[in-house]
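1. need a structure here:
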Amino acid sequence: MSAPHAESLDLALADAHAGHASHAEQAPVPFAVPAGVRNLALGLMVAGAALLGASVATGGDHATWRLSADLLIAAFFFTSVAVGCGVIFALMNVTKAGWGIVVRRVPEALASYLPIAMLTMLAVGFLGIKELYEWADPEIVKHDHLLRHKAAILNPTWYFGSMVVVIGGWAALTGKMRSNSIAQDSDGNVAHTGQNIMLSVLFLIFFGLSMTLGSLLWLMSIEPHWFSTMFGVYQFAGAHKAGAAMCAIVVSYLVTRGHLKQANVNHLHNFGLMMFAFSTFWAYIWVSQFLLIWYANIPEETGYYLLRHDGGWMALFALNVILNWVIPFFALLPRPNKRNPKVLVPVAVVVLLGLWLDLYLQVMPAAAHFAGHHHKLDLHGPFFGPGEVGAMAMLGGLFLLVTTTMLAKASLVPTKDPYLQESLHHHI
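-> Residues are numbered from 1 along each chain as shown. Here you go, the predicted structure:
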């Protein structure tokens, strides 16, 4: 940004905040990862790997496809959480949300997992592409007219290339925003704020388009004969509410342990509002997709829901709505609950469990159907065992290790942000 532009932005910010910008500086707030947190992360990784090994050793004919499905669910889960935090970070910048400055380093650090998320998604793809995706088997494609028609998009080049471009793009944009944020702690240059606003606009546009492409290739193509025009928005809604939930958990931990004394219940209230709003938005998209497919009653669309209504899947299908909307909606409806960590954190955990179940229902029934049909296996779901726990534990430990390490690399509070005073005095 040129010097005149930087000066004009500086003046605009100063005017908007009635002189607060000139006093928006405070001492750094250091954070060191507690030994217990680091040991927990490492323990989860080791225990998760052991559980996955036990699942493979005892799984017999089920081992390979189920391992691939479990790892895809876990890898996409933490990718969704990380990019959801990136969306929150970007929205704070675009809307010039002064309230979020003292807690901004939390979504910054959580979004820093995205480079690792790209590597985990690539690894899962290399391991399980032929176990999960019909279109990856040339023999199946050769005898399926629809798959031949879709082969221009449903192929390994697009599959792996999209992970590099999409998740890599998310990582690059959020990483640059974080580096600008940290640089401002040193030089106090308001131009960093302006650059981050522009980068955030670019990120949000790119995310809106690329989330649709990515979720289509990585999740929806597990059932390549089925399609939904709402699928990308559906994944966006899940990622945003999960990102808000993870931020609420981390900020609550930092506040209650005394690491982030500058934040208060008013900041927690805002994360509660995000969870409340996007749980309801998720429910709106869920109902819209379901009702349109039910009403149209077109065979190539209804098959998706028929597969998840048969057998034991129906109970999980109903539980999905309870975890992702009913509990968050009614628990967070009262104002005091959004401000109380003893309520907010358990609800956030429910929201995260809801995201896992949602992804499980998207992946596992379809993966089991493909494995049963093409590998001649007698499979009756649902499936739950050490593999499901192990995949989440192993990647959860990795997520915890990476994000807490990144959280400790900068002051917990941006020390020279022009909106800092507004955030320190935030009250709703």
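2. so, low pLDDT: which residues of the stretch 1-150 of the chain?
-> Applying pLDDT under 70 to the stretch 1-150 of the chain flags the ranges 1-25, 60-61.
3. now do the helices in it.
-> 3-16, 35-59, 63-94, 105-111, 114-132, 138-142, 145-149 (DSSP state H, counting those that start in this stretch).
4. deepest of those, which one?
-> Of all those, helix 105-111 has the most neighbours on average by mean count of other C-beta atoms under 10 Å, namely a mean of 28. Any C-beta I mention is one placed from the backbone N, CA and C, and that applies to glycine too.
5. counting contacts, what elements does it pack onto?
-> Packing contacts for helix 105-111, counted by 3 or more C-beta pairs under 8 Å, 6 or more residues apart in numbering; DSSP states H and E, involve helix 63-94, helix 168-187, helix 231-256, helix 386-407.
6. what's in contact with the shortest one?
-> Counting by C-beta atoms under 8 Å, 6 or more residues apart in numbering, the neighbours of helix 168-187 from elsewhere in the structure are 28, 83, 86, 89-90, 93, 104-105, 108, 111-112, 114-115, 117-118, 189-190, 192-193, 195-196, 199-200, 202-203, 206-207, 210, 409-411, 414-417.
7. put the alpha carbons of it into CSV.
-> The C-alpha trace of helix 168-187 is given here as CSV (Å, rounded to 0.1, in the frame of the first residue of the first chain):
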residue,chain,number,x,y,z
GLY,A,168,-3.1,-24.3,-0.4
GLY,A,169,-4.8,-21.0,-1.4
TRP,A,170,-6.6,-20.9,1.9
ALA,A,171,-3.3,-21.4,3.7
ALA,A,172,-1.5,-18.8,1.7
LEU,A,173,-4.1,-16.1,2.2
THR,A,174,-4.7,-16.7,5.9
GLY,A,175,-0.9,-17.1,6.4
LYS,A,176,-0.3,-13.7,4.8
MET,A,177,-3.0,-12.1,6.9
ARG,A,178,-1.5,-13.6,10.1
SER,A,179,2.0,-12.3,9.1
ASN,A,180,0.6,-8.8,8.6
SER,A,181,-1.1,-9.0,11.9
ILE,A,182,2.1,-10.0,13.7
ALA,A,183,4.2,-7.5,11.8
GLN,A,184,2.0,-4.7,13.1
ASP,A,185,3.0,-5.6,16.6
SER,A,186,6.5,-4.5,15.8
ASP,A,187,6.1,-1.5,13.5
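8. the next helix or strand after it to helix 114-132, inter-axis angle?
-> Per DSSP states H and E, the first helix or strand lying C-terminal to helix 168-187 is helix 191-218. Interaxial angle of helix 191-218 relative to helix 114-132 (axes from the mean of the first three to the mean of the last three C-alpha atoms, to 10 degrees): 10 degrees.
9. which parts of helix 191-218 are buried?
-> The neighbour-count check on helix 191-218 (16 or more other C-beta atoms under 10 Å) flags 191-197, 199-200, 203-204, 206-207, 210-212, 214-218 as buried.
10. that helix - contacts with which helices or strands?
-> helix 3-16, helix 63-94, helix 156-162, helix 168-187, helix 231-256.
11. and the last one, what other elements does it pack with?
-> The one in question is helix 231-256. helix 63-94, helix 105-111, helix 191-218, helix 265-296, helix 341-374.
12. how far off helix 63-94 does that helix point, in degrees?
-> Orientation of helix 231-256 against helix 63-94 (the same axes, to 10 degrees) gives an angle of 70 degrees.
13. now the helices and strands packed on helix 191-218 as JSON lines including distance to H309?
-> Shown next, in JSON lines, are these (distance: least, C-beta to C-beta, whole Å):
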{"stretch": "helix 3-16", "distance to H309": "53"}
{"stretch": "helix 63-94", "distance to H309": "19"}
{"stretch": "helix 156-162", "distance to H309": "29"}
{"stretch": "helix 168-187", "distance to H309": "34"}
{"stretch": "helix 231-256", "distance to H309": "18"}
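14. what's the closest of these to V389?
-> helix 63-94 (9.0 Å; C-beta to C-beta).
15. the inter-axis angle of the closest one versus helix 35-59?
-> 150 degrees.
16. and helix 63-94 with helix 341-374, angle?
-> Here helix 63-94 runs at an angle of 140 degrees relative to helix 341-374 (the same axes, to 10 degrees).
17. which strands and helices sit next to helix 63-94?
-> Against helix 63-94 (3+ C-beta pairs under 8 Å, 6+ apart) you get helix 35-59, helix 105-111, helix 114-132, helix 168-187, helix 191-218, helix 231-256, helix 341-374, helix 386-407.
18. among these, which is nearest V326?
-> Closest to V326 of the helices and strands packed on helix 63-94 is helix 341-374 (C-beta to C-beta; 9.8 Å).
19. now for the closest one, which elements pack on it?
-> When contacts are defined as 3+ C-beta pairs under 8 Å, 6+ apart, helix 341-374 packs onto helix 63-94, helix 114-132, helix 231-256, helix 265-296, helix 299-309, helix 313-321, helix 327-332, helix 335-338.
20. got a list of contacts for the last one?
-> Translated: helix 335-338. L268, H269, G272, L273, F276, A331, L332, V343, L344, V347.
21. got a PyMOL select line for the buried ones in those residues?
-> Entered in PyMOL, the line below selects the buried ones among those, by 16+ other C-beta under 10 Å:
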select buried, resi 268+269+272+276+331+332+343+344+347
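22. please look at S228 and F290 and confirm they touch.
-> No: S228 lies out of contact with F290 (C-beta atoms under 8 Å); the separation is 10.0 Å.
23. tabulate the helices of the stretch 1-150 of the chain (TSV), appending distance to W282.
-> As requested, those are exported to TSV (distance: least, C-beta to C-beta, whole Å):
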stretch	distance to W282
helix 3-16	33
helix 35-59	27
helix 63-94	12
helix 105-111	19
helix 114-132	21
helix 138-142	33
helix 145-149	30
